[in-house]
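**Student:** here is a sequence with its predicted model. Questions after.
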Amino acid sequence: MKLMMNKTNKISNKIAILLFLVFFLVGLFTFKDYGAWVDEEFQRSSGLHWLNYILNFLPFENFKNEVILAISQPASSFTLPSVELNRFYSMLFDLPAAFLEIAFNIQDPKNYYHLRHFLNFLFFFIASIFFFKLLLNRFSNVYTSIIGTLFFVLSPRIYGSSFYNNKDILFLTFLTVALYFCFKVFDKFNSKNLLVFFFFAALLTCSRILGIFLPIFFLIFYVFSVLSKKGNLDKFLLIFICCVFYFLVIIAFWPALWEDPINNFVLGWEYFSNFNLNVKMLFAGEYVSLYFLPNYYIFTWIFITTPVLYTLLFIFGYYKVFSRFFLRFINIKENKIYDDFWRSNNEKKDLFILFNITAIVLFLITFNVPIYNGWRHIYFLNIFIIYLSTVGFYQLGIYLKRNYKKSFHYHISIIFLITVIYKMMIYHPFQSIYFNNYLNEISHLNFEIDHGGLSGKRSLEKILSLEKNKKTINIGVASWLPLERSAYLLDSSERKRIEVVGRNYQEADYLFTNFISEVDKKFNKKYKIPSNFTKIDEFFLDGIKVYEIYKKN
C-alpha cells in the first residue's frame, strides 16, 4: 500500500511539473502578443525617476547619465501624470525593469515594453507556484492542489492582466507568497517562519498600502489563539521584534518614505484613499461616479467576469467554512477542549482566508473606497475566491465519496476547464476583457469593455493594413484613451506612419473608439462621431463589441 501511494505521489508530482512547464512555455511564446496598457508609460517613467533618485547615492555617473537621457526622451506626446506628485506607487517592479532597460541599452519602445510584459508574466508564474504550494500545505493532496491552481491560472481576467498590469499582479504575487509563509507560521510558530512572513508582508505593503491588512489580521488571529489557550504570551516579544522588522523593510524598499518615513506613510495612505479623479464609469447601463458606487458594484463585476464554476464552488466553500465557524462560535463553553473557533490548523487557515475576504470587502463598501476599471484594483481577492472555491471542490469530493462512492467532480471540473481554455483562446490576447456571458445584457452599452485600451494595437494594425502606401495617417480618438501609447508595440517603421490627433477630428483620416468615456455620454457629446465619418470596421469578442473604426468620407 505504501509503495502504491509513493508511486501515485510521484505521478501526480510529475503532472504538476508538466503543467507548470506548459504554462511557462505558453507565456514565453505569447507575451509579445499583448498591447500597451494605459498606465504602462507612467509606471516606466516612475521606475526611471526612482532609479535616478537612488543613483544619487551611488558612484555610477555613466549609468546615471544614461538614466537621465532616457528620462529626457519621453516616448509619447500625451501628457503623463507627474511622478513627483504621484510618488507613492511601488518601485518593486518598475525600478528593476528600468534598471534592466538601461543596463541592456533597450531604446526601442516596443522592446522595453516587451521586457516589462515578460517580467510581469514571470511574477504571475511565481505566484502560481506559491499558490500550488499554499493549497498543498492546506489539503495535502496533489490532485486537489492541481485543480485549485488551474482555477487560479485559468481565471481569464487575471491571466490576461498578468502580461501588462504590473501594479495589480505584483500585489497579487506578494500576497500569495506572504499567505504561504503565513500558513507556515500557523504550522510551526518560530522566529524563522515569522521573519519570512513579515518580510513578504512588508513587500506586500510596499507594493500597495492595502497590504497592511494582512499582518493586522495575522495579529488578530494570534490574539484569538492566546484567548483560546492555543497560543502563548511568551511569543509576544518575538512578534514585537518582527513588527519592527516589518516597518524597517517597508522603509528600505519604499524610497518615497526615506526622507520622512512616518509622515510620508500617512500621506501614502491618504493618497491611495482619496483618488483625485472626477470621472464617471459605465456600470449596468448608467454612468456612476467612482466615489458613489452602489454596494453591489464589486459583487456584480466579479460575478460577470469569473467562470461560473469557480463562483458556484466559492459560494459552497464560503458556506462550509462560515457555517463551521458559526457552529463553533455559538457552542463555545469554558473548559471544553474542543470548543473553540477552530480545532485544527487547517480549520484555522480556512477561517483566516474567510476573515480576510470578508473584512476587506466590508471595508471597501463601508468606507466607499474608490474603485474603477471594473474590479482590477482588487484582483488580489481572486486568491481568496479561488482558495474557497478549492475548499468547495474538496468538500464536494468528501460528500460524493461518502454518499455515492464516486469522485466524478474531478471529471466535471476538467471538462469545464477545457471550455475555459477554449474561451481564453478565442479571447487571446484580450483575456483581460473576458465576460462569462451568462447575462444577455452585457455589452459596450452597459459595461466598460476595453477600459485598459488593449485593443488599440489591433486597431492601428487594421488601419495600417488599409493604408499600405500612405506615409502619414492621422487618427482621431473618440474615446478617453491615449491611443498613441498603443503604437509603442508596433515596428518602428509602422509607428512613424501613425499620427494620433486626439479629438481634432477635422485633421483625422480615421477615428477610433472603444466606447470608454469619463463623462456621461447621454448628456455630454464630447466623443460624438462627426457625420462626415463612416464606420468601416468593428471588432467583436464572444459577441461583445470592443471597438469601431470610422473613415472620413
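**Tutor:** Happy to help now that I have it. Being a predicted model, the structure only gives us computed values, none of them experimental. Residues are numbered from 1 along each chain as shown.
**Student:** can you give me the strands in the protein?
**Tutor:** 280-283, 286-289, 473-477, 498-502, 510-513, 533-541, 544-552 (DSSP state E).
**Student:** deepest-packed of these, please.
**Tutor:** Of these, the one with the most neighbours on average (mean count of other Cβ atoms under 10 Å) is strand 510-513, at a mean of 24. Any C-beta I mention is one placed from the backbone N, CA and C, and that applies to glycine too.
**Student:** returning to that earlier point: can you add distance to residue 303 and mean pLDDT and give the strands of the chain back as TSV?
**Tutor:** As requested, these are exported to TSV (distance: least, Cβ to Cβ, whole Å; pLDDT from 0 to 100):
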stretch	distance to residue 303	mean pLDDT
strand 280-283	13	92
strand 286-289	17	92
strand 473-477	31	97
strand 498-502	36	95
strand 510-513	27	97
strand 533-541	19	96
strand 544-552	16	96
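**Student:** okay, those in JSON lines with distance to residue 393 next?
**Tutor:** Shown next, in JSON lines, are the strands of the chain (distance: least, Cβ to Cβ, whole Å):
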{"stretch": "strand 280-283", "distance to residue 393": "31"}
{"stretch": "strand 286-289", "distance to residue 393": "35"}
{"stretch": "strand 473-477", "distance to residue 393": "45"}
{"stretch": "strand 498-502", "distance to residue 393": "47"}
{"stretch": "strand 510-513", "distance to residue 393": "42"}
{"stretch": "strand 533-541", "distance to residue 393": "29"}
{"stretch": "strand 544-552", "distance to residue 393": "29"}
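**Student:** right, so of those, which gets closest to residue 327?
**Tutor:** strand 280-283 (37.7 Å; Cβ to Cβ).
**Student:** and the longest helix anywhere in the chain, which residues are buried?
**Tutor:** When the chain is parsed with DSSP state H, its longest helix is helix 109-139. By 16 or more other Cβ atoms under 10 Å, the buried positions in helix 109-139 come out as 109-110, 112-117, 119-125, 127-139.
**Student:** got it, and stretch 241-249?
**Tutor:** 242, 246-247, 249.
**Student:** and if you look at stretch 456-470?
**Tutor:** Buried residues in stretch 456-470 (16+ other Cβ under 10 Å): 456-460, 462-464.
**Student:** can you give me the angle the helix or strand of the chain with the lowest mean pLDDT makes with helix 109-139?
**Tutor:** Lowest on mean pLDDT, DSSP states H and E among the helices and strands of the chain sits helix 2-30, with a mean of 84. Helix 2-30 runs at 160 degrees relative to helix 109-139, counting by axes from the mean of the first three to the mean of the last three Cα atoms, to 10 degrees.
**Student:** name the helices or strands packed onto helix 2-30?
**Tutor:** helix 109-139, helix 142-153 (3 or more Cβ pairs under 8 Å, 6 or more residues apart in numbering; DSSP states H and E).
**Student:** ok, now which ones touch residue 187?
**Tutor:** 137, 193, 345 (Cβ atoms under 8 Å, 6 or more residues apart in numbering).
**Student:** before we move on, what's the pLDDT of the residue lying closest to the last one once chain neighbours are set aside?
**Tutor:** Which is residue 345. In this structure, residue 345 finds its nearest non-sequential neighbour in residue 186, 5.1 Å apart by Cβ to Cβ, 6 or more residues apart in numbering. According to the prediction, residue 186 has pLDDT 95.
**Student:** count of neighbours near residue 186?
**Tutor:** Neighbour count for residue 186, taken as other Cβ atoms under 10 Å: 21.
**Student:** ok, now which ones touch it?
**Tutor:** Residue 186 neighbours (Cβ under 8 Å, 6+ apart): 345, 348-349, 352.
**Student:** from these, list just the buried residues.
**Tutor:** For the contacts of residue 186, buried by 16+ other Cβ under 10 Å: 348-349, 352.
**Student:** can you lay out those as TSV showing pLDDT and distance to residue 432?
**Tutor:** Output for the buried ones among the contacts of residue 186, formatted as TSV (pLDDT from 0 to 100; distance: Cβ to Cβ, whole Å):
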residue	pLDDT	distance to residue 432
348	94	34
349	97	30
352	97	29
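**Student:** among the residues you listed, which one lies nearest to residue 386?
**Tutor:** Closest to residue 386, out of all of the buried ones among the contacts of residue 186 and judged by Cβ to Cβ, is residue 349, at 14.3 Å.
**Student:** the closest one contacts residue 183, doesn't it?
**Tutor:** Yes: counting by Cβ atoms under 8 Å, residue 349 does reach residue 183; the two are 5.6 Å apart.
**Student:** overlap in contacts, the two.
**Tutor:** With Cβ under 8 Å, 6+ apart, residue 349 and residue 183 have common neighbours 137-138.
**Student:** wait, doesn't residue 479 sit right on residue 521?
**Tutor:** No: under the criterion of Cβ under 8 Å, residue 479 makes no contact with residue 521, lying 10.3 Å away.
**Student:** between these two, which has more neighbouring residues?
**Tutor:** Per other Cβ under 10 Å, whichever of residue 479 and residue 521 has more neighbours is residue 479, with 23 against 16.
**Student:** just list the residues touching the residue nearest to the more buried one when sequence neighbours are not counted, thanks.
**Tutor:** For residue 479, ignoring the flanking residues on the chain, the nearest one in space by Cβ to Cβ, 6+ apart is residue 513 at 4.6 Å. By Cβ under 8 Å, 6+ apart, the contact list for residue 513 reads 477-479, 527, 529, 547-548, 550.
**Student:** beta partners of residue 513?
**Tutor:** Counting by DSSP bridges, residue 513 is bridged to residue 548.
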